[in-house]
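Asker: Okay, here's the prediction I keep looking at, along with the sequence it came from:
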Amino acid sequence: MTIHFRLKTELENWKLTTIRTDSQYGKERFDLLLLLFRELFLVLIEWSTLRSKITAILRRQKQADDLDLKLIADTLHQYCTEEEWKFEEHLEKIFFFSQSIVFFLNARAPSVEERILRYLYDPQYA
């Protein structure tokens, strides 16, 4: 319910946002947006690859002669909780990069972008 309200509020605020021409934004804004989109797509690719493996396992289990719902439930539980599947990590990263992109598309101050861009390009960033 809170997410729905927040999304509705953000969409209402988006209608009030005026989009400026490209020349009115600093180069850092585009560099930062490209970095955020690239990172978002990399996470989505990794997530979809792991998810397709889980989907294949579930399809094999479904096609078995005796459908074992406990086995399917255990597989889904493993996917959501075990470290190797990175379920929570993917959700957190997808949320972070998506929210960051929306944040910068809403025309924040260039000085903020420059500092964040330097932070994200830090070799320790993973």
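Answerer: The structure has been received and is ready for your questions.

Asker: drop to CA atoms for contacts and neighbour counts, all remaining ones
Answerer: Fine.

Asker: which residues in this structure form helices?
Answerer: Remark: helices assigned in the chain by DSSP state H are 2-16, 27-63, 69-81, 87-105, 110-120.

Asker: Switch those over to JSON lines, and while doing so, append mean neighbour count and mean pLDDT to every line.
Answerer: Converted to JSON lines, the helices of the chain look like this (neighbours: other Cα atoms under 10 Å; pLDDT from 0 to 100):
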{"stretch": "helix 2-16", "mean neighbour count": "10", "mean pLDDT": "52"}
{"stretch": "helix 27-63", "mean neighbour count": "15", "mean pLDDT": "89"}
{"stretch": "helix 69-81", "mean neighbour count": "13", "mean pLDDT": "87"}
{"stretch": "helix 87-105", "mean neighbour count": "15", "mean pLDDT": "89"}
{"stretch": "helix 110-120", "mean neighbour count": "14", "mean pLDDT": "67"}
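
Asker: How much space separates the nearest residue to residue 54 once chain neighbours are set aside from residue 93?
Answerer: In this structure, residue 54 finds its nearest non-sequential neighbour in residue 79, 7.3 Å apart by Cα to Cα, 6 or more residues apart in numbering. According to Cα to Cα, to the nearest Å, residue 79 and residue 93 sit 17 Å apart.
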